[in-house]
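Engineer: this one's structure only:
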(Lines give C-alpha, C1' and ligand atoms only; values in the text may rest on other atoms or scores of the structure.)
Protein backbone atom coordinates (compact mmCIF):
# COMPACT_ATOMS: atom_id res chain seq x y z
CA UNK A 1 0.00 0.00 0.00
CA UNK A 2 1.41 3.41 -0.88
CA UNK A 3 2.72 5.32 2.12
CA UNK A 4 0.36 8.23 1.35
CA UNK A 5 -2.65 5.93 1.89
CA UNK A 6 -1.49 4.36 5.16
CA UNK A 7 -3.06 5.16 8.49
CA UNK A 8 -1.30 7.97 10.34
CA UNK A 9 0.04 5.47 12.89
CA UNK A 10 1.62 2.81 10.67
CA UNK A 11 3.51 0.09 12.47
CA UNK A 12 7.15 0.31 11.38
CA UNK A 13 8.93 -3.00 10.83
CA UNK A 14 12.62 -3.61 10.10
CA UNK A 15 13.78 -6.76 8.28
CA UNK A 16 17.28 -7.81 9.31
CA UNK A 17 18.71 -8.95 6.95
CA UNK A 18 16.67 -7.28 4.23
CA UNK A 19 14.24 -9.62 2.49
CA UNK A 20 12.66 -7.99 -0.58
CA UNK A 21 9.92 -10.61 -1.03
CA UNK A 22 8.86 -10.49 2.61
CA UNK A 23 9.09 -6.71 2.54
CA UNK A 24 6.55 -6.57 -0.28
CA UNK A 25 4.19 -9.03 1.43
CA UNK A 26 4.29 -7.24 4.79
CA UNK A 27 4.05 -3.87 3.04
CA UNK A 28 0.69 -4.93 1.59
CA UNK A 29 -0.75 -4.96 5.11
CA UNK A 30 -2.66 -1.69 5.59
CA UNK A 31 -1.10 -0.88 8.95
CA UNK A 32 2.51 -2.06 8.40
CA UNK A 33 5.34 -0.04 6.89
CA UNK A 34 8.63 -1.83 6.25
CA UNK A 35 11.61 0.45 6.91
CA UNK A 36 15.15 0.09 5.64
CA UNK A 37 17.08 0.91 8.79
CA UNK A 38 16.89 1.15 12.57
CA UNK A 39 17.28 4.90 12.06
CA UNK A 40 13.53 4.97 11.27
CA UNK A 41 12.74 3.72 14.81
CA UNK A 42 10.84 0.52 13.97
CA UNK A 43 8.42 -0.82 16.54
CA UNK A 44 9.37 -4.39 15.61
CA UNK A 45 12.41 -5.94 13.93
CA UNK A 46 12.42 -9.37 12.31
CA UNK A 47 15.70 -11.25 12.23
CA UNK A 48 16.79 -14.77 11.36
CA UNK A 49 19.58 -14.92 13.94
CA UNK A 50 19.35 -15.15 17.71
CA UNK A 51 22.83 -13.60 17.78
CA UNK A 52 21.47 -10.38 16.25
CA UNK A 53 18.94 -9.84 19.06
CA UNK A 54 21.33 -8.11 21.52
CA UNK A 55 22.79 -5.98 18.70
CA UNK A 56 19.36 -4.83 17.54
CA UNK A 57 18.31 -4.08 21.11
CA UNK A 58 21.52 -2.07 21.62
CA UNK A 59 20.58 0.05 18.59
CA UNK A 60 17.04 0.63 19.90
CA UNK A 61 16.10 -0.79 23.33
CA UNK A 62 12.42 -0.04 22.73
CA UNK A 63 12.22 -2.10 19.54
CA UNK A 64 10.59 -5.50 19.92
CA UNK A 65 12.50 -8.29 18.17
CA UNK A 66 10.97 -11.39 16.58
CA UNK A 67 13.23 -14.19 15.40
CA UNK A 68 12.19 -15.98 12.22
CA UNK A 69 12.74 -19.75 12.09
CA UNK A 70 11.95 -22.48 9.61
CA UNK A 71 11.62 -25.30 12.09
CA UNK A 72 11.64 -26.06 15.80
CA UNK A 73 14.81 -27.06 17.60
CA UNK A 74 14.94 -28.13 21.25
CA UNK A 75 15.49 -25.08 23.41
CA UNK A 76 15.20 -22.58 20.54
CA UNK A 77 12.17 -20.72 21.91
CA UNK A 78 13.79 -20.48 25.34
CA UNK A 79 17.09 -19.22 23.84
CA UNK A 80 15.26 -16.59 21.77
CA UNK A 81 13.35 -15.27 24.77
CA UNK A 82 16.47 -15.39 27.00
CA UNK A 83 18.32 -13.27 24.42
CA UNK A 84 15.70 -10.56 24.90
CA UNK A 85 13.52 -11.18 21.85
CA UNK A 86 9.77 -10.79 22.01
CA UNK A 87 9.27 -14.12 20.31
CA UNK A 88 9.84 -16.75 17.69
CA UNK A 89 7.75 -16.95 14.53
CA UNK A 90 7.54 -19.18 11.49
CA UNK A 91 9.54 -17.81 8.55
CA UNK A 92 7.52 -19.46 5.78
CA UNK A 93 4.03 -19.34 7.26
CA UNK A 94 1.13 -17.25 5.98
CA UNK A 95 1.98 -13.54 5.89
CA UNK A 96 -1.26 -12.81 7.77
CA UNK A 97 0.01 -14.88 10.71
CA UNK A 98 3.35 -13.09 10.63
CA UNK A 99 1.63 -9.70 10.49
CA UNK A 100 -0.53 -10.69 13.46
CA UNK A 101 2.60 -11.71 15.40
CA UNK A 102 4.20 -8.35 14.57
CA UNK A 103 1.12 -6.52 15.84
CA UNK A 104 1.04 -8.58 19.04
CA UNK A 105 4.75 -8.02 19.69
CA UNK A 106 4.30 -4.28 19.17
CA UNK A 107 1.67 -4.33 21.94
CA UNK A 108 4.17 -5.91 24.31
CA UNK A 109 3.07 -9.54 24.01
CA UNK A 110 5.50 -12.44 23.82
CA UNK A 111 4.85 -14.50 20.70
CA UNK A 112 5.88 -18.09 20.02
CA UNK A 113 4.34 -19.73 16.97
CA UNK A 114 2.73 -23.02 18.09
CA UNK A 115 4.40 -24.79 15.13
CA UNK A 116 7.80 -23.87 16.62
CA UNK A 117 7.20 -25.00 20.17
CA UNK A 118 9.32 -27.99 21.14
CA UNK A 119 7.45 -31.31 20.93
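Structural biologist: Thanks, I have the structure now. What you see is a predicted model, and the numbers here were worked out from it, not measured in a lab.

Engineer: per-residue pLDDT, the spatially most central residue of the chain?
Structural biologist: Nearest to the geometric centre of the chain sits residue 46, at 3.3 Å (CA atoms, centre = their mean). pLDDT, residue 46: 98.

Engineer: what's the offset of the helix or strand where it lies from the middle of its chain?
Structural biologist: Assigned by DSSP states H and E, residue 46 falls within strand 44-47. The chain centroid and the centroid of strand 44-47 are separated by 3 Å under CA atoms, centre = their mean, to the nearest Å.

Engineer: ok, then the element right after it?
Structural biologist: Taking DSSP H and E, what comes next after strand 44-47 is helix 52-59.

Engineer: in that following helix, what counts as buried?
Structural biologist: 52, 53, 56, 57, 59 (16 or more other CB atoms under 10 Å). Where C-beta positions appear, they are placed from N, C-alpha and C, glycine not excepted.

Engineer: equivalent analysis for stretch 100-112, please.
Structural biologist: 101, 102, 103, 104, 105, 106, 111, 112.

Engineer: closest to residue 85 among the buried residues of helix 52-59?
Structural biologist: The nearest member of the buried residues of helix 52-59 to residue 85, counting by CB to CB, is residue 53 at 4.8 Å.

Engineer: is the closest one in contact with residue 64, as I believe?
Structural biologist: No - checked against CB atoms under 8 Å, the pair residue 53 and residue 64 is beyond contact range at 10.6 Å.

Engineer: what helices or strands is the lengthiest helix in the chain leaning on?
Structural biologist: If you go by DSSP state H, the chain has its longest helix at helix 95-106. Packed against helix 95-106 by the contact rule (3 or more CB pairs under 8 Å, 6 or more residues apart in numbering; DSSP states H and E) you find strand 11-16, helix 20-27, strand 44-47, strand 64-69, strand 87-90, strand 111-112.

Engineer: mind checking which of these is nearest residue 75?
Structural biologist: Using CB to CB, the nearest of these to residue 75 is strand 87-90, at 11.2 Å.

Engineer: thinking again about what came up before, what's across from the residue nearest to the centre of the chain in the sheet?
Structural biologist: residue 15, residue 66 (DSSP bridges).
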